[in-house]
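Asks: Requesting a structural model of the entry that follows:
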Amino acid sequence: MASPPRSVEVRTPGDSPRPTAALLSSSVAAPQHSSAPRLLLLLTVVLVAAAAFVLLRPTPALTVVTAVSAAARPLSKLPKPVVLLISSDGFRFGYQYKAPLPHIRRLFANGTSAAEGLIPVFPTLTFPNHYSIVTGLYPSSHGIINNYFPDPISGDYFNMRNHDPKFWLGEPLWETAANQGLLAATFFWPGSEVKKGSWNCPEKYCQLYNGSVPFEERVDTILGYFDLPSDQMPQFLTLYFEDPDHQGHQVGPDDPAITDAVVHIDEMLGRLIAGLEARGVFEDVNIILLGDHGMVGTCDTKLVFLEELAPWIELKSDWVLSVTPLLAIRPPDGVSPAEVVAKMNEGLGSGKVENGKYLKMYLKEELPTRLHYSESYRIPPIIGLVEEGYKIEMKHSKKNECGGAHGYDNAFFSMRTIFAAHGPRFQGGRTVPSFENVEIYNVITSILNLKPAPNNGSASFPGTILLPSK
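Replies: Alright, predicted model coming up:
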């Protein structure tokens, strides 16, 4: 297997421009009685204008990008640095404004957050993104290219219950920690049940996935680790919640059910914070709250039916490995992928396929390079990208439903999620430009003083977001 690509420089698409200071000027006209009062008034106006400029101009602490102006806070109770990584699945950027959410907003207000959200990797699906977060690798490097896919060489099939190490490439954070003698604890994170390197998913520190476990029990289990003797307490912990992704798929991102779901997540954050404060360690723990992807509303009026391409090409169902929103096709030997792409695009652009103009087919090597989705042999040779909110189906059906989906191009703003970090290594009240989630791995290894495995993040990125350690 080819080794992962070397580190790349951080990219921040969607960054806001730095705000500029307003220029203040006076247009007051002085009465023309004598030169002395006129001079005095002019001097007063100049002084007032100068003072106003100094007081009102934006300071570095108020701009979107702020310079790190302090050092990390010393630990008051914990003997070593600790990172708690929390994922709220499908928490679209903007959901944090749906309700007061006092605990989430506390992390934003007193920590460091991404100004326009965290950028997921492509495809914007649960397993590829969760594994990118903990490995710092794009899916083409870590091997989890979709939630479901066959390996074209072995013929073995990957699904979300598959824990065979041969599918899971790269080195996740719990393995990095274990390899270097640090304790880690995982509560439901994709890939955490896979035994790799020094990580063997120990019973005491590795929870096997069970979606029926109440969120409260998950939080309380994490809190219990802080009651252990210092030599048994993990330094890296993960916590996973399925919501609001579950509700997003059912009703879309704008339904009141989403508000209820994010309020519940906020309550769980409140339970966690209260438990940490009761133990006197809240300010010592580096908490990173994020999601894996966003969500967009979909309705059956936005459908592309592949059967309508029959005048140009007959797509066999066994060619199609995934349908929507990521269309992935592997034709059999003897069928040219380039010819399939050409015929499909001809039909889609003919005006005779309903909504055909909203779907474009690519040979994987011709995909936009920013997607980083061509290098792996596991990626099928033909990929279709559909416009935001559109769905692809093989055949016409009588289903009439609206809901939500993800998996689209990660350039769509609706696919962004949240990032808020609070703790001794994060400056309070600071916002940073949006960044890709492959940067998280290096941030966490930096906090824990671990040597990172090869990854696609930027080695310099942690210095742009972390307070320097003392």
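Asks: which residues in the chain form helices?
Replies: When secondary structure is read from DSSP state H, the chain shows helices at 35-56, 102-110, 126-135, 139-142, 173-179, 215-225, 245-251, 256-278, 337-348, 440-447, 462-465.
Asks: just so I know, which of those helices lies nearest Pro152?
Replies: Proximity to Pro152 (CB to CB) singles out helix 337-348 among the helices of the chain, at 12.7 Å. No exception for glycine: its C-beta is placed from N, CA and C like everyone else's.
Asks: Going by contacts, tell me the helices and strands next to the closest one.
Replies: Other helices and strands packing on helix 337-348, by 3 or more CB pairs under 8 Å, 6 or more residues apart in numbering; DSSP states H and E, are strand 359-363, strand 382-386.
Asks: Nearest to Gly294, out of the helices of the chain?
Replies: Using CB to CB, the helices of the chain put helix 245-251 closest to Gly294, at 8.6 Å.
Asks: Run through who's touching that closest one.
Replies: With contacts defined as CB atoms under 8 Å, 6 or more residues apart in numbering, helix 245-251 is touched by 89-92, 126, 255, 257-258, 260-261, 295, 402-406.
Asks: Check stretch 326-341 too.
Replies: With contact meaning CB under 8 Å, 6+ apart, stretch 326-341 is reached by 123, 125, 146, 149, 152, 313, 315, 319-322, 359, 361-363, 379-386, 392, 407-408.
Asks: buried residues in that stretch?
Replies: Within stretch 326-341, the residues that qualify as buried are Leu326, Leu327, Ala328, Ile329, Arg330, Pro331, Pro337, Val340, Val341, counting by 16 or more other CB atoms under 10 Å.
Asks: The helices and strands packed on helix 337-348 into a markdown table, with extra columns for mean pLDDT?
Replies: Written out in a markdown table, the entries for the helices and strands packed on helix 337-348 read as follows (pLDDT from 0 to 100):
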| stretch | mean pLDDT |
| --- | --- |
| strand 359-363 | 99 |
| strand 382-386 | 99 |
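Asks: Show me where the stretch 351-470 of the chain has its strands.
Replies: Ranges of strands in the stretch 351-470 of the chain, per DSSP state E, counting those that start in this stretch, are 359-363, 382-386, 391-393, 402-405, 419-422, 430-432.
Asks: Mean neighbour count, the ones you listed: which tops it?
Replies: Scoring those by mean neighbour count under mean count of other CB atoms under 10 Å gives strand 419-422 as the most buried, with a mean of 26.
Asks: Average pLDDT for that strand, rounded please.
Replies: pLDDT averaged over strand 419-422 equals 99, rounded to a whole number.
Asks: got it, and stretch 123-139?
Replies: Over the span of stretch 123-139, the pLDDT mean works out to 99.
Asks: next one: that stretch to chain centre, how far?
Replies: Here stretch 123-139 shows a centroid-to-chain-centroid distance of 9 Å under the convention CA atoms, centre = their mean, to the nearest Å.
Asks: Repeat that for stretch 366-374.
Replies: If you compare the mean C-alpha spot of stretch 366-374 with that of the full chain, they lie 18 Å apart, counting by CA atoms, centre = their mean.
Asks: With respect to Leu290, which of the helices and strands packed on helix 337-348 lies nearest?
Replies: Between Leu290 and the helices and strands packed on helix 337-348, the tightest spacing by CB to CB is seen for strand 382-386, at 24.8 Å.
Asks: returning to what we had before: emit the PyMOL select command for whichever of the contacts of helix 245-251 are buried.
Replies: In PyMOL, selecting the buried portion of these, with burial taken from 16+ other CB under 10 Å, looks like this:
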select buried, resi 89+90+91+92+126+255+257+258+261+295+403+404+405+406
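Asks: Out of the contacts of helix 245-251, which one has the lowest pLDDT?
Replies: Cys402 (87).
Asks: That one and Thr445, how far apart?
Replies: The gap separating Cys402 from Thr445 is 42 Å, by CB to CB, to the nearest Å.
Asks: and if you look at Ile133?
Replies: With distances taken as CB to CB, Ile133 is found 13 Å from Thr445.
Asks: So between the two, which is more surrounded?
Replies: Taking Ile133 and Thr445 together and counting by other CB atoms under 10 Å, Ile133 has the greater number of neighbours (29 against 23).
Asks: Is that one in contact with Ile440, as I believe?
Replies: Yes: applying CB atoms under 8 Å as the test, Ile133 and Ile440 come out as touching, 5.0 Å apart.
Asks: Pull up the overlap in contacts between these two.
Replies: Residues within reach of Ile133 and of Ile440 at once, by CB under 8 Å, 6+ apart, are Leu85, Leu290.
Asks: Show the contacting residues for the nearest residue to Arg279 once chain neighbours are set aside.
Replies: Residue nearest to Arg279 in three dimensions, not counting chain neighbours: Phe226, with 5.2 Å by CB to CB, 6 or more residues apart in numbering. Contact partners of Phe226, counting by CB under 8 Å, 6+ apart, are Met233, Gly275, Leu276, Arg279, Val281.
Asks: Can you list phi and psi of Phe226 for me?
Replies: In this entry, Phe226 is assigned phi and psi values of phi -80, psi 0 (degrees, to the nearest 10).
Asks: Of the helices and strands packed on helix 337-348, give the one that comes closest to Gly181.
Replies: Closest to Gly181 of the helices and strands packed on helix 337-348, according to CB to CB: strand 382-386, at 41.5 Å.
Asks: got the angle for that closest one vs strand 359-363?
Replies: 150 degrees (axes from the mean of the first three to the mean of the last three CA atoms, to 10 degrees).
Asks: Could you spell out the sheet neighbours of strand 382-386, each with its direction?
Replies: strand 326-329 (antiparallel), strand 359-363 (antiparallel) (DSSP bridges).
Asks: With just CA atoms, put the last one into PDB.
Replies: As requested, the backbone C-alpha atoms of strand 359-363 are provided in PDB (Å, rounded to 0.1, in the frame of the first residue of the first chain):
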ATOM      1  CA  LEU A 359     -25.400  16.000 -12.100                       C
ATOM      2  CA  LYS A 360     -22.000  15.800 -13.600                       C
ATOM      3  CA  MET A 361     -19.900  12.700 -14.100                       C
ATOM      4  CA  TYR A 362     -16.100  12.500 -13.800                       C
ATOM      5  CA  LEU A 363     -13.300  10.000 -14.100                       C
END
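Asks: all numbers from here: first residue = 10
Replies: From this message on, residue numbering opens at 10, which makes the last subject strand 368-372.
Asks: Tell me the gap between it and the middle of its chain.
Replies: For strand 368-372, the distance from its own C-alpha centre to the chain's C-alpha centre is 25 Å (CA atoms, centre = their mean).
Asks: circling back to that earlier point, just so I know, which of the helices of the chain lies nearest Val92?
Replies: Scanning those with CB to CB as the criterion, the closest one proves to be helix 449-456, at 5.2 Å.
Asks: picking that back up, so which of the strands paired with strand 391-395 gets nearest Glu445?
Replies: Ranking the strands paired with strand 391-395 by proximity to Glu445 (CB to CB) places strand 335-338 first, at 18.1 Å.
Asks: coming back round to it: what touches both of Ile142 and Thr454?
Replies: Applying CB under 8 Å, 6+ apart, one finds that no residue jointly contacts Ile142 and Thr454.
Asks: so how many other residues sit close to Glu226?
Replies: Residues near Glu226, counting by other CB under 10 Å: 12.
Asks: can you check Asn155 too?
Replies: Residue crowding around Asn155 was assessed by other CB under 10 Å; the count is 21.
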